[in-house]
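In: need the 3D shape of this:
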Amino acid sequence: MPSTYSSEWNIPTDVFVYNDPSAKTLVIEEIASHIRGLFPGMRVEVRGDFVSHHYHGSTEELAERIARTKVRNISDPFESFDPLLGEIRFEERLLERPESGISGVLYDAARLHLVLREMIPEEELSLRAVHAAFTSRLFGTFDDADRRYHARVILCGYPSIISTSGIVEAPAKPREYYLMREKLRALGEDVPAEVLKEQIQGRFLDYDDPRLTDVMKGYSLQALFYAITHEPFCEDPECRLYNSHWQEEVLASQLGDKEFCDEHASLIRWISDR
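Out: Residues are numbered from 1 along each chain as shown. Below you'll find the model as predicted:
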């Protein structure tokens, strides 16, 4: 047993992994198999997208609730508002066609999470059940330090929501990308982002990236460790539980030779042997 074991930890018995049907390179069965391999004592179930699985009420009503979680100004703390009819219709279309995906809209993470949490049936809202819901929606949290919203990849809780847009948009790209962009702007040149991306190809994740499934295995484990220890992250930049802020950190921690730090490797063995 690891020396860091706490009697307050909860070892889940069930893990529900929800697909994001818009993410073409996300192989949800492979993520579930990875969890089963590490924790053979847990029952891991693959499900379709979270909302379609759990919500059976009025699409219009849900669309309005989700529209109310939109961030309208990233420089201001969240304020309640009445969404426009067009915003509600936009959300309706996304709910009706989850495979279409979404881009360009930022949601307040805590408020979006609350909408999703209320869908989980009581019998599955348990500390012994982990809900890891992949979504195309981009969500963020407001930081009082610099007075702006920051996009996030994962928000841990019940459920834990993991954004396939967030993994592209939230971690910062290599510094060269921003230096090139600012230099060209100073020269009055408006260069498309795609052109700049070519200069740092392979050093960041993009939409429909073939490495997405392998990277998301680590984020699904962060959701699992939140349920177990309430500490989803690790300080070791070579561990899959590392809370990466840069794209190159994401690739190093998720695709490097070493999967876990010694402490988390020991903890996983201890849990799997119970």
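In: all helices for the chain, in order.
Out: Along the chain, the segments classed as helices by DSSP state H run 28-38, 50-54, 59-67, 85-96, 109-117, 166-169, 175-186, 193-198, 212-229, 247-255, 262-273.
In: please identify the most buried of these.
Out: Across the helices of the chain, the average number of neighbours (mean count of other CB atoms under 10 Å) peaks for helix 166-169, which reaches a mean of 24. Glycine gets a C-beta too; all of them are placed from N, C-alpha and C.
In: average pLDDT across that one?
Out: Helix 166-169 comes out with an average pLDDT of 96.
In: and what of stretch 243-255?
Out: 97.
In: got a pLDDT number for residue 2?
Out: Turning to residue 2, the model gives it a pLDDT of 53.
In: shift numbering so it begins at 46
Out: Let's use 46 as the start, then, which means that last one is residue 47.
In: mind checking how far the nearest residue to residue 202 once chain neighbours are set aside is from residue 265?
Out: Nearest residue to residue 202, sequence neighbours excluded (CB to CB, 6 or more residues apart in numbering): residue 158, at 5.8 Å. Noted for residue 158: a distance of 17 Å to residue 265, by CB to CB, to the nearest Å.
In: nearest residue to the middle of the chain?
Out: Centroid-nearest residue in the chain: residue 207, 2.0 Å away (criterion: CA atoms, centre = their mean).
In: quick one on the thing from earlier: quick one: residues contacting the residue nearest to residue 202.
Out: For residue 158, the contacting residues are 184, 200, 202, 204, 206, by CB atoms under 8 Å, 6 or more residues apart in numbering.
In: ditto for residue 288
Out: Neighbour list for residue 288: 277-279 [criterion: CB under 8 Å, 6+ apart].
In: and with 6 Å instead?
Out: Neighbouring residues of residue 288 by CB atoms under 6 Å, 6 or more residues apart in numbering: residue 278.
In: next, format the helices of the chain as CSV and append distance to residue 59.
Out: Shown next, in CSV, are those (distance: least, CB to CB, whole Å):
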stretch, distance to residue 59
helix 73-83, 11
helix 95-99, 14
helix 104-112, 25
helix 130-141, 26
helix 154-162, 17
helix 211-214, 25
helix 220-231, 41
helix 238-243, 40
helix 257-274, 10
helix 292-300, 25
helix 307-318, 14
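In: nearest to residue 67, of these?
Out: Proximity to residue 67, assessed across the helices of the chain by CB to CB, is greatest for helix 130-141 (9.2 Å).
In: give the rounded mean pLDDT of the closest one.
Out: 95.
In: restricting to C-alpha, output that helix in CSV.
Out: Only the C-alpha atoms of helix 130-141 are listed here, as CSV (Å, rounded to 0.1, in the frame of the first residue of the first chain):
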residue,chain,number,x,y,z
LEU,A,130,-33.9,33.6,-29.7
GLY,A,131,-31.1,33.0,-32.2
GLU,A,132,-28.8,31.8,-29.4
ILE,A,133,-31.5,29.4,-28.2
ARG,A,134,-32.1,28.1,-31.7
PHE,A,135,-28.3,27.7,-32.1
GLU,A,136,-28.2,25.5,-29.1
GLU,A,137,-31.3,23.5,-30.3
ARG,A,138,-29.5,22.6,-33.5
LEU,A,139,-26.4,21.4,-31.5
LEU,A,140,-28.6,19.3,-29.3
GLU,A,141,-30.4,17.7,-32.2
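In: list the contacts of that helix.
Out: Applying CB under 6 Å, 6+ apart, the contact partners of helix 130-141 are 104, 108-109, 111-112, 147.
In: of all those residues, which two lie farthest apart?
Out: For these, the farthest-apart pair by CB to CB is 109 and 147; their separation is 16.5 Å.
In: tally of neighbours for residue 254?
Out: A count of nearby residues for residue 254, using other CB atoms under 10 Å, gives 18.
In: meant to ask about residue 305, not that
Out: Residue 305 has 20 neighbours, counted by other CB under 10 Å.
In: who's sitting farthest from the centroid in this structure?
Out: residue 232 (36.6 Å).
In: re the thing from before, of the contacts of residue 158, which belong to strands?
Out: 184, 200, 206 (DSSP state E).
In: what stretches of the stretch 96-245 of the chain score poorly on pLDDT?
Out: 148 (pLDDT under 70).
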